[in-house]
Each structure stands twice: as C-alpha cells, then as structure tokens.
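Asks: Build the 3D model from these lines:
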Amino acid sequence: MYKILKTVSAVFTILILSVQHSSAQTLGDSCVDYNVADKNVAIVKKVAESVKLVAKTASEACEIGEMVDPVNAEAFEAAALAFELAEATAEVVAEIAEAYGGHPYGSPEIINIPWNNIESGDSLKSSTLTLSDGDTILMRRKAGGTGKFTFEQVNLTWWKGIVAFPKDDVTKWYEIVCLQDDRKACTFTLNPALSQTHYITLSKAKTAGVHTNMYLIENWGAAPTDYDYQFSWMRD
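Replies: Residues are numbered from 1 along each chain as shown. Got it, this is the predicted structure:
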C-alpha cells in the first residue's frame, strides 16, 4: 500500500511540474511567446496523456486487488479513488494546456488609458483605473522620465501580462511583460510606436488559470515618453 500511495504522489508531482514548465520559460522581461508556448503545450499534453494511462491502469489494478484481497479491500478502494482523481486531473491539465497554447486573441474590451490625467509631480502620485471585470490598477507617473514602465501586482499571485498581437496575424503573440507568483514586478521601456503594428492588451489568468486577454489598450500610441510610469494591479 505504501508503494501505491507513493505512486499517487509521483503522479501529482509530474502534473504540477508540467504546468510549472509551461510558465517558466522567459524571453528577457517576457514570459513566453507563441513559439515557446506551442512547445510547452506539446510537452504538457504528452505527459498528461501518459499520466491518464498510468492512473487508469493502476485504478483498474486496485479494483482487482479489492476482489482478491478482501482484508485490504478498503485500502485498495481508497487507492483506486486516488488514481481516478489523478486521471481526472490529467484530463483537466491537458485541456488547460490546449487553451494556453492557442492563446487566442479573443474579444478584449476596448479601453483608453488616461495618460494625460495620471497625476504627476516630483514624486510618483497615483490615479486609479477601475475596469469591468473587477480589476483595479493604480497608475502613477513621474515627470522628467524616459518612458520607463514598471508593471507590478500587489498581494496577488495569478498571472498578469501586457501582451502584443501583430495586427496582421493575432496567433503570433508575445508577452511584453508578465507577472506570476513570486515574480511581482517587471520593468520595460514604453514604446508607443508599437501600436502601429500591434494590438496591446492587459491580460490575466482566469478560470482554471487560462490566460485571457481582457482589455485592448486602444490609445497605447498616445503615451508620452517623457514620464516614468508605474502600473500596480491591486485587485482582480
């Protein structure tokens, strides 16, 4: 029975490591682009399918064990249920990987950042951006800057990102910057001209951790670059 429980633990460890691997690759301040994501999805789906097969076989073996060893029937039943749970978890992981890899542009809500109304001065003062899905972003800017843009989240851990999609092919996305878990803040140089060729979205992880493009920043190109900015995602 110890070996059975140890195997169950190993199954879940494989699944967890697979999901972590999907978000661990980085490209400078970007977490992933479509190339990295496609490779990771293939790995995760393959692992998930293997786990499903192993878990199903082990569950069936435990059911046979119940019949041939009535004394330990209760323990075999518990192990069978654990393997069934592992099989179901693997199925969910595979579905999440599929959604993650496709990373469709979707239908983000169009928003405009009030670049010229963000409070400024010698210190970083703030304004609040309240968005439709319950998201709150505290915006600060400081005059005399060079377009340095700090993106952070406060007391939150789920993935957040600023994602760029080429206007001529929205399947070839890349993350300008991203946050997740212990990665609380990243800094990059604001490039308003990017909006001429790309859609820029504020994105976050939603149900089952699937990365979702929530808000299309329509006026990214209007951002003055003689300020430094700090956007703090306070609520999701």
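
Asks: bridging residues for Ser203?
Replies: Beta-bridge partners of Ser203, counted by DSSP bridges, are Gly161, Asn213.

Asks: you'd agree it is up against Ile217?
Replies: No - using CB atoms under 8 Å, Ser203 is not in contact with Ile217; the gap is 10.8 Å. C-beta here means a position set from N, CA and C on the backbone, and glycine is covered the same way.

Asks: Looking at those two, which one has more neighbours?
Replies: The residue with more neighbours, out of Ser203 and Ile217, is Ser203; 22 against 19, by other CB atoms under 10 Å.

Asks: the domain parsing of this structure - what is it?
Replies: 2-102, 109-235 (automatic domain parsing).

Asks: Check these for me: which has the lowest mean pLDDT.
Replies: Among the domains of the chain, domain 2-102 carries the lowest mean pLDDT, at a mean of 55.

Asks: all helices for the protein, in order.
Replies: Remark: helices assigned in the chain by DSSP state H are 2-24, 34-68, 73-102.

Asks: can you count the residues close to Lys142?
Replies: 17.

Asks: Would you check how far apart it and Tyr174 are?
Replies: Distance check for Lys142 against Tyr174: by CB to CB, to the nearest Å, it reads 28 Å.

Asks: I'd assumed Leu179 was in contact with Trp159.
Replies: Yes - applying CB under 8 Å, one finds Trp159 in contact with Leu179, separated by 6.9 Å.

Asks: Contact partners for the nearest residue to Met234 once chain neighbours are set aside?
Replies: Spatial nearest neighbour of Met234, chain neighbours left out: Thr136 (4.7 Å); criterion: CB to CB, 6 or more residues apart in numbering. Thr136 sits next to 128-130, 233-235 when contact means CB atoms under 8 Å, 6 or more residues apart in numbering.

Asks: Gly134 too?
Replies: Neighbour list for Gly134: 235-236 [criterion: CB under 8 Å, 6+ apart].

Asks: phi, psi of it?
Replies: phi 90, psi 10 (degrees, to the nearest 10).

Asks: Look up how far Leu190 lies from it.
Replies: 26 Å.

Asks: pretty sure Trp158 contacts Ala205?
Replies: Yes - the pair Trp158 / Ala205 is scored as a contact, 4.4 Å apart, by CB under 8 Å.

Asks: between the two, what contacts are shared?
Replies: Gln180.

Asks: Which of the two has more residues huddled nearby?
Replies: Taking other CB under 10 Å, Trp158 and Ala205 do not tie; Ala205 has more neighbours (18 against 15).

Asks: What is the neighbour count of the closest residue to the more buried one other than its chain neighbours?
Replies: Distances taken as CB to CB, 6+ apart put Trp159 closest to Ala205, at 4.0 Å, once the chain neighbours are dropped. Applying other CB under 10 Å, we find 23 residues neighbouring Trp159.

Asks: thinking again about what came up before, bridged to the residue nearest to Met234, which residues?
Replies: Applying DSSP bridges, one finds that Thr136 bridges with Thr130, Arg235.

Asks: in stretch 177-186, what counts as buried?
Replies: Neighbour-count burial for stretch 177-186 flags 177-180, 183, 186 (criterion: 16 or more other CB atoms under 10 Å).
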